[in-house]
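In: Below are the sequence and a predicted model for it; my questions follow.
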Amino acid sequence: MDPDYINSADWRAIGNLLHFFWFILLFAIGFGFNFLMAHAIIPSLIGTGHLPQRLNRARRIFYAGAFGAFALALFYVTRVIGEAHIIKSFWERWWI
């Protein structure tokens, strides 16, 4: 089974799909960084005395950033699922 011809509209849709994959990676890294800062690094530095106790409230900002990055990553996962139908237009067996 050979794939069909890919026209410029298909290439544009494939490019959008790849952008969505990159956005997922970007927001997953952002989620990991923010969650690690809020849940491990800041409390550890406050516990050892390297940071003042008043910076404990800054953890909320990092938790909010982690939640926002996770929400955006989920949004782009749904966009990838929605845009993945373009593969079927030129390759019938796209789950391989």
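Out: Structure's in. What do you need?
In: Give me the helices and strands touching the helix or strand containing residue 20, please.
Out: Element membership of residue 20 [criterion: DSSP states H and E] is helix 8-36. Secondary-structure packing of helix 8-36 (3 or more CB pairs under 8 Å, 6 or more residues apart in numbering; DSSP states H and E): helix 59-83. All C-beta atoms are positioned from the backbone trio N, CA, C, and that covers glycine.
In: The helix it packs on vs helix 8-36, what angle?
Out: Note on geometry: by axes from the mean of the first three to the mean of the last three CA atoms, to 10 degrees, helix 59-83 and helix 8-36 are set 160 degrees apart in direction.
In: What average pLDDT does helix 59-83 get?
Out: For helix 59-83, mean pLDDT rounds to 96.
In: quick one: buried residues of the helix holding residue 20?
Out: 13, 17, 20, 23, 24, 27, 28, 30, 31, 34, 35 (16 or more other CB atoms under 10 Å).
In: Residue 82 and residue 61, how far apart?
Out: 32 Å (CB to CB, to the nearest Å).
In: Now do the closest residue to residue 24 other than its chain neighbours against residue 84, distance only.
Out: Nearest residue to residue 24 in three dimensions, chain neighbours excluded: residue 76, at 4.8 Å (CB to CB, 6 or more residues apart in numbering). Distance from residue 76 to residue 84, counting by CB to CB: 12 Å.
In: what about these two, which has more around it?
Out: residue 76 (21 against 14; other CB atoms under 10 Å).
In: ok, back up a step: quick check, the residue nearest to residue 24 in contact with residue 27.
Out: Yes: if you go by CB atoms under 8 Å, residue 76 and residue 27 touch, sitting 6.8 Å apart.
In: Mind telling me which residue is nearest the centre of the protein?
Out: residue 24 (2.6 Å; CA atoms, centre = their mean).
In: For the residue nearest to residue 4 when sequence neighbours are not counted, list the residues it contacts.
Out: Excluding the flanking residues, the one nearest residue 4 by CB to CB, 6+ apart is residue 90, at 4.4 Å. Contact analysis of residue 90 by CB atoms under 8 Å, 6 or more residues apart in numbering lists 3, 4, 5, 6, 10.
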